[in-house]
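Asks: Have a look; sequence and predicted model below, questions after that.
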Amino acid sequence: MNISSCITKGIQLKRSQGLVLIFLVCCEMVVPIKGWTQSFQDTGNFSFSGSHNPLRKPIFREFLPGDGLKVGWVQIHPFLGVAEVFTDNVFRTNKQRQSDFLTTVAPGIQAYLPFGGKHSFLLDYRAAQFLYGKFTRNNAFTQEGLGQVNFNFPGGLRIDLQGGHVEGFDQRGTDFDIQSRDITEWRATNFLGQARLRGPRGSIRIRTQYTRMHYKNNGQDARRDRKSGRADLTGFLDVTPGISALLGTNIGNNTYDENKQLDSFVYGVFAGLELAPSRQLSGEVQAGYSILNFDRAPIVALDPAPIPPAPLDEGNQLINDGLNLGGKQQKRFTLNGRLDWKPTNRQSVSFRAFRQIRQSAVFNTSTFVQTGFSLQGSHRVTDRLQLIGRGQYFNTKFARGRTDNRLLGSVGLNYQTVQWLGFGLNYYLEKRSSTETRFKYYANTIAISAQALF
């Protein structure tokens, strides 16, 4: 792209932002809004502003607010997000930086059915189409469908079950991006279960998780296809009406289809505190110690894995004729914490922190230790206008010596014209430093989005 073309694109983007701001001001003066204080930011990620991370750590899906469209006892919530995004480093690379525009269309629907008094059933489907202006090989379609059933029995027993399927891909710039010409696509099937029994002085909780991963291109299936299972048992003792001490243990395993040197078994213990949910403050902090063992002894590869080519090179397929190396036993301090604070009905603050051992079958490594935290805050300036900000930091240390530090920050405005329609204007900054030069990058992204929730 030449300089004049870049200037023209920049002028067009600024003009679009100006028109959006004028529109919002007119709505503030003309269109009335009554009885609506729920933010789209609180209902899930409907901004679809270019953050391509459809595979989250499995969590129980939250019910969307409001009555929706009622069909008998069923509450139906259709929703739609659209966004126009500009980024100055579309491939998240250190050199050969390229800019591009991205259009995102993300529809979805949720159906919620309460039954039997305190029980409920939920179906949720979400999809997103990513369409790039110049580099169409980055185009992607993701979708996720899940079902969830919740039981609340007399006597303090609650059981939550959820199963789903995701069609996704590895985001540019993440730890698993192999920097190939084509994005790496995959599909995942997962199950999440939880049972908690409350008593007069405390409670006990059992969680289970299962994930089946299959990679669809770039030669990743042989080394990364796997089945993962995990379970943990936690006991809670009430210390005060709002605080409980906890103690627990967990086990897990990874079984690879072909890359058997990475088959592993992990176990650990943890302790911490739980803050009982209240109108203003809730959270849980776990600190522990985990040990990861590989089922098979390490082998010596015949040839080292080649360095993956830059995304713009020709004939750049990532090839590895042998299995990845196995790894040594890993013993690490672990952390998992969350804290949600709502000082007033117009402000909210969320903090997350973690440290964990993770497995990798890319870049000729078996494990990495990742430590990170995120802080997100929002302030409702008026009933319509909301200011939001978020910061994230990740430190990743791979077993073979590579160390990354990744920083993500964003600031933006959400604006609601009427009860079911909102708009967003957001700026994102991403930066990663690394001991290996080719993994360094920085990127600036601007997104204009609209979200409709019925």
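Replies: Looks like it came in fine. Numbers count the residues shown, from 1 in each chain.

Asks: how about the strands in the stretch 201-350 of the chain?
Replies: In the stretch 201-350 of the chain, strands defined by DSSP state E, counting those that start in this stretch lie at 202-215, 226-240, 243-256, 264-275, 281-294, 330-344, 347-359, listed in chain order.

Asks: Could you list every helix and strand in contact with the shortest one?
Replies: Taking 3 or more Cβ pairs under 8 Å, 6 or more residues apart in numbering; DSSP states H and E as the contact definition, the neighbouring helices and strands of strand 264-275 are strand 243-256, strand 281-294, strand 330-344. In this view, the C-beta of every residue, glycine as well, is placed from N, C-alpha and C.

Asks: which residues touch the first one?
Replies: Outside of strand 243-256, the residues that reach it under the criterion Cβ atoms under 8 Å, 6 or more residues apart in numbering are 202-203, 223-239, 262-276, 284, 286, 288, 290, 359, 361.

Asks: try 7 Å this time
Replies: 202, 225-239, 262-276, 359 (Cβ atoms under 7 Å, 6 or more residues apart in numbering).

Asks: Save the strands of the stretch 201-350 of the chain as a markdown table, and put in mean pLDDT, mean neighbour count and distance to R390 too.
Replies: Listed next are the strands of the stretch 201-350 of the chain as a markdown table, based on pLDDT from 0 to 100; neighbours: other Cβ atoms under 10 Å; distance: least, Cβ to Cβ, whole Å:
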| stretch | mean pLDDT | mean neighbour count | distance to R390 |
| --- | --- | --- | --- |
| strand 202-215 | 95 | 17 | 26 |
| strand 226-240 | 95 | 16 | 28 |
| strand 243-256 | 96 | 17 | 28 |
| strand 264-275 | 95 | 18 | 22 |
| strand 281-294 | 94 | 17 | 18 |
| strand 330-344 | 93 | 15 | 14 |
| strand 347-359 | 93 | 17 | 9 |
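
Asks: Please identify the buried residues of stretch 425-432?
Replies: Within stretch 425-432, the residues that count as buried by 16 or more other Cβ atoms under 10 Å are 425-426, 428, 430, 432.

Asks: Tell me the secondary structure of R187, please.
Replies: Here R187 is recorded as strand under DSSP: H, G, I helix; E, B strand; the rest coil.

Asks: That one reaches H214, doesn't it?
Replies: Yes: at 5.4 Å, R187 and H214 qualify as touching, with contact defined as Cβ atoms under 7 Å.

Asks: I'd like the distance between the residue lying closest to L453 once chain neighbours are set aside and S348.
Replies: Spatial nearest neighbour of L453, excluding adjacent residues (Cβ to Cβ, 6 or more residues apart in numbering): F79 at 4.5 Å. Using Cβ to Cβ, to the nearest Å, F79 is found at 21 Å from S348.

Asks: what's the answer for G229, then?
Replies: 35 Å.

Asks: Could you do I178 as well?
Replies: For I178 relative to S348 (Cβ to Cβ), the value is 37 Å.

Asks: contacting residues for the nearest residue to L421 once chain neighbours are set aside?
Replies: Nearest residue to L421, sequence neighbours excluded (Cβ to Cβ, 6+ apart): A452, at 5.3 Å. Counting by Cβ under 7 Å, 6+ apart, A452 touches 79-80, 420-421.

Asks: Apply 10 Å and report the result again.
Replies: With contact taken as Cβ atoms under 10 Å, 6 or more residues apart in numbering, A452 is in contact with 40, 46, 78-82, 107, 418, 420-422.

Asks: Specify the beta-bridge partners of it.
Replies: For A452, the beta-bridge partners under DSSP bridges are L80, L421.

Asks: do the same with N254
Replies: Those that pair with N254 in a beta bridge, by DSSP bridges, are S228, S264.

Asks: in the protein, which segments are predicted with low confidence?
Replies: 1-58, 297-327 (pLDDT under 70).

Asks: That one: helices as residue ranges?
Replies: 3-30, 221-224 (DSSP state H).

Asks: for the last one, which positions count as buried?
Replies: Looking back up the chat, that one is helix 221-224. For helix 221-224, using 16+ other Cβ under 10 Å, the buried residues are 221, 223-224.

Asks: mind giving me JSON lines with these and columns for distance to N253?
Replies: Shown next, in JSON lines, are the buried residues of helix 221-224 (distance: Cβ to Cβ, whole Å):
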{"residue": "D221", "distance to N253": "20"}
{"residue": "R223", "distance to N253": "18"}
{"residue": "R224", "distance to N253": "16"}
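
Asks: for K118, phi and psi?
Replies: With angles defined as degrees, to the nearest 10, K118 shows backbone torsions of phi -110, psi 10.

Asks: how many neighbours does it have?
Replies: 12 (other Cβ atoms under 10 Å).

Asks: Distance to A127 added to the strands of the stretch 201-350 of the chain, as JSON lines?
Replies: JSON lines is the format used below for these (distance: least, Cβ to Cβ, whole Å):
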{"stretch": "strand 202-215", "distance to A127": "19"}
{"stretch": "strand 226-240", "distance to A127": "25"}
{"stretch": "strand 243-256", "distance to A127": "29"}
{"stretch": "strand 264-275", "distance to A127": "33"}
{"stretch": "strand 281-294", "distance to A127": "31"}
{"stretch": "strand 330-344", "distance to A127": "28"}
{"stretch": "strand 347-359", "distance to A127": "26"}
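
Asks: Which one, of these, ends up nearest to G401?
Replies: strand 330-344 (14.8 Å; Cβ to Cβ).

Asks: Just the CA trace of that closest one, in PDB.
Replies: Provided in PDB are the C-alpha atoms of strand 330-344 (Å, rounded to 0.1, in the frame of the first residue of the first chain):
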ATOM      1  CA  GLN A 330       7.700 -30.000  36.000                       C
ATOM      2  CA  LYS A 331       7.100 -28.700  39.600                       C
ATOM      3  CA  ARG A 332       5.600 -25.300  39.900                       C
ATOM      4  CA  PHE A 333       3.800 -22.900  42.200                       C
ATOM      5  CA  THR A 334       0.300 -22.200  40.800                       C
ATOM      6  CA  LEU A 335      -2.200 -19.400  41.300                       C
ATOM      7  CA  ASN A 336      -5.800 -18.800  40.200                       C
ATOM      8  CA  GLY A 337      -7.700 -15.800  41.500                       C
ATOM      9  CA  ARG A 338     -10.600 -13.600  40.600                       C
ATOM     10  CA  LEU A 339     -12.100 -10.600  42.300                       C
ATOM     11  CA  ASP A 340     -15.200  -8.700  41.200                       C
ATOM     12  CA  TRP A 341     -16.100  -5.400  42.900                       C
ATOM     13  CA  LYS A 342     -19.000  -3.000  42.300                       C
ATOM     14  CA  PRO A 343     -18.600   0.000  44.500                       C
ATOM     15  CA  THR A 344     -21.700   1.600  43.100                       C
END
